[in-house]
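>>> mind folding the following:
(one chain, ligands or ions: 1)
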Amino acid sequence: MPKASAQASTAAQAAQDEAAVNAMAAMASPTPQRVLVAVRIRPPTVERKSPQKYNANLGFDPTATCITYNPSTVTIQWPGSSTPTTSPSRALTPAGGASKSEPKKFNFDSVLGYEEGQAAVYDKVVEPLIRKCLDGYNGCVFCYGQTASGKTYTMEGPTRGPGTEPPADPKNPDTGIILRVASQIVNHIADAGKNKPELEYFVRASYLEIYQEGLTDLLVGREEQSDLRIRQDPESSTGRDLYISGITEKSLTTLADYSKLLHMGSRHRTVGETNMNEVSSRSHAVLTITIEERRKPEAGMSTEEAEMLAKHGKKRSKIHLIDLAGSERANATGATGDRLKEGSAINQSLSCLGNVINALTTNTKHVPYRDSKLTYLLSDSLGGNSLTLMITCVTPTQINHDESLSTLRFAERVKKVRNIAKVNVDATMMRIMILESEIRDLKAALSRCTCGAATRKPTGPHTATSAHDAWTMANAMGVNASTGTDKKMPWWKRLCACCIPVSNGGTKRSAKVGPTPERSAPLTAGEDGKNEETVLKSVKGKLTWV
Ligand SMILES: Nc1ncnc2c1ncn2[C@@H]1O[C@H](COP(=O)(O)OP(=O)(O)OP(=O)(O)O)[C@@H](O)[C@H]1O
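Numbering: from 1, shown residues only. This is a model prediction of the structure:
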């Protein structure tokens, strides 16, 4: 390669590295992030398919809609001016004493109406979050809403009956979030294979359900279940990251691996028929995908170095995709026996979720995460180290007016929850990368040195031959040239005048992250003869070259 173009490509590489280090340093410092809240309103077709289910004497049309929306607001209003004489819901007057006839308006990060298909939902609210997870953030997407509001449809795709499998092709318009996430991960890794050959990826996943406060591994049959427990990982970057001991983890490479995993999970998940949903999920399902990005060992590395790199040279992100069971009213679902027991366990854990949200949004000291398995598992994602999105599923029909209103009120509270997300990069690796970048900058600065101090190779204790050398050495050793005291000095202060020309404010890096021009100006030889003498004395005998 010609010298000029080699220099240009080294400079470009250095600039790229520096940008990456700066970006990582910024990302690794935790920043508060609000939980994002999107609302998805499903079409009223489900109720309209079987209107005979509803009492003919309700005094209102149960399948008429009571919700209007635009891309960021939802308005819910009981049509007409008077409160109905009959309501399927518990209360004619919603909590807070407001009359049903008053419209209630809510603002959200995104509102996705009937016309928005699965692809639009994904592209608008999920894809940007997963993109960040691929940079090393933890992420969580969870669907919340009353029974039959479209949570499983959103996560997996249409469920056509017990035992049927959700669509497996990410290009199918019905395909839900899980396989679209899979496709995004697979494509990201394929692109990195072309553009960043120094990296390699390892992806694995577990899938569990929380059924009546018990944890079940969805990747193995009932007879192969182990005792699953939620534990804290003291080796994690926070020392408190949660993991499930005893759970099956599958490695994932191709899209087919992901769809096999999804199908196995849906087959094992507990579902049951209720009056409101033929295939109602009776449990909360948590799919956790762990992505590890590692730097490959480089040619010429010793085994020890390669081991160090394997241990520290990685970024890890965890993505939770959660399909919650829906809240339900026993009189609407017609639940009895097991279904009734399931319904009350679901409502109980959702009420624990409500308590956690209340505590987080009112600055209460104790957040009752441990009151249920669901909230304990979500503790990473609500108020912790994660980028979190709640997709609030809402039914627009009048028969569900009260449930939709309370769901929207809940979503409004969730909007106030703040997380502290940071890139999960190994701290040692981060330090190494920053130091590598500094070494590159120093080498570049030294190559500009014209006084000879940078290139002279003294043997034994170094003797300064001139006052200028003494100043340079004093700076190089971190000795404060004016007071003669040792100090930990940043590198940009340790260079002589010709390494960082004062006129242009120093190197690009020092101009950005380093000193202000007056700080960057090293003490100049000959400025003050008396001072030079003092420093010369103070550094003589102290200096040895290592
Ligand atoms: N956006 C949508 N477009 C078309 N059909 C939908 C949509 N959302 C949901 N449905 C249909 O509504 C019905 C209920 O949806 P789903 O089973 O996903 O609800 P759910 O909230 O998961 O219910 P549960 O809490 O009882 O499990 C299904 O028949 C589903 O196919």
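
>>> give me the below-cutoff pLDDT ranges for the stretch 351-500 of the chain.
427-434, 437, 449-500 (pLDDT under 70).

>>> domain ranges for the chain?
As given by automatic domain parsing, the domain ranges for the chain are 30-399+410-421, 448-539.

>>> what's the closest of those domains to the ligand?
domain 30-399+410-421 (2.7 Å; CB to the nearest ligand atom). (Glycine included, C-beta is placed from N, CA and C.)

>>> output the domains of the chain in TSV, with mean neighbour count and distance to Arg440 appended to each entry.
Below are those laid out as TSV (neighbours: other CB atoms under 10 Å; distance: least, CB to CB, whole Å):
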stretch	mean neighbour count	distance to Arg440
domain 30-399+410-421	18	16
domain 448-539	17	9
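
>>> these: lowest mean pLDDT?
With a mean of 46, domain 448-539 has the lowest mean pLDDT of those.

>>> near the ligand at all, the strand or helix carrying Ile346?
Assessed by DSSP states H and E, Ile346 sits inside helix 337-361. No: shown here: helix 337-361 not in contact with the ligand (CB under 6 Å from any ligand atom), separated by at least 8.1 Å.

>>> next helix or strand past that helix?
Using DSSP H and E, the helix or strand that follows helix 337-361 in sequence is helix 373-378.

>>> contacts for that next one, please.
140, 142, 210, 213-215, 230, 242, 284, 286, 320, 322, 324, 349-350, 352-353, 355-356, 368-370, 382 (CB atoms under 8 Å, 6 or more residues apart in numbering).

>>> strands paired with the very next helix or strand once past that helix, and their directions?
Downstream of helix 373-378, the first helix or strand assigned by DSSP H and E is strand 387-394. According to DSSP bridges, strand 387-394 forms sheet pairs with strand 36-41 (parallel), strand 139-145 (parallel).

>>> please put the alpha-carbon coordinates of the first one into PDB.
Only the C-alpha atoms of strand 36-41 are listed here, as PDB (Å, rounded to 0.1, in the frame of the first residue of the first chain):
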ATOM      1  CA  LEU A  36     -41.800   3.300  26.800                       C
ATOM      2  CA  VAL A  37     -45.500   2.700  26.600                       C
ATOM      3  CA  ALA A  38     -47.300   1.900  23.300                       C
ATOM      4  CA  VAL A  39     -51.000   1.100  23.100                       C
ATOM      5  CA  ARG A  40     -52.300  -1.400  20.500                       C
ATOM      6  CA  ILE A  41     -56.000  -1.400  19.800                       C
END
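
>>> what sits up against that strand?
By CB under 8 Å, 6+ apart, the surrounding residues in contact with strand 36-41 are 67, 69, 74, 106, 108-114, 116, 121, 124-125, 129, 150, 154, 387-396, 408, 411-412, 414-415.

>>> please apply the same query to the last one.
If you take CB under 8 Å, 6+ apart as the criterion, strand 139-145 is touched by 126, 129-130, 132-133, 150-152, 154-155, 177, 181, 317-324, 326-327, 378, 380-381, 386-395, 407, 410-411, 414.

>>> near the ligand, from those residues?
150-152, 326, 393.

>>> looking at those, which are in helices?
Mapping those onto helices (DSSP state H) picks out 151-152.

>>> what parts of the chain come near the ligand?
So the chain meets the ligand at 42-43, 46, 145, 147-153, 158-159, 277, 279-281, 325-326, 393 (CB under 6 Å from any ligand atom).

>>> just to revisit the earlier point, which elements pack onto the helix holding Ile346?
strand 199-211, strand 271-272, helix 330-333, helix 373-378, helix 401-414 (3 or more CB pairs under 8 Å, 6 or more residues apart in numbering; DSSP states H and E).

>>> which other helices and strands does the shortest one contact?
Helices and strands touching strand 271-272, as assessed by 3+ CB pairs under 8 Å, 6+ apart, comprise strand 280-281, helix 337-361.

>>> could you measure from Leu309 over to Ile247?
Separation of Leu309 from Ile247 (CB to CB, to the nearest Å): 28 Å.

>>> no, scratch that, I was asking about Ser327
Distance from Ser327 to Ile247, by CB to CB: 27 Å.

>>> same check on Asn275?
Distance from Asn275 to Ile247, by CB to CB: 34 Å.

>>> same question for Glu305.
Using CB to CB, Glu305 is found at 33 Å from Ile247.

>>> same deal with Leu405?
Distance from Leu405 to Ile247, by CB to CB: 38 Å.

>>> so what's the residue in the stretch 401-546 of the chain that the ligand sits nearest to up against?
Here the stretch 401-546 of the chain gets closest to the ligand at one residue, Thr407, 10.8 Å apart by CB to the nearest ligand atom. Contacts for Thr407 were tallied using CB under 8 Å, 6+ apart; they are 144-146, 149, 327, 392-394.
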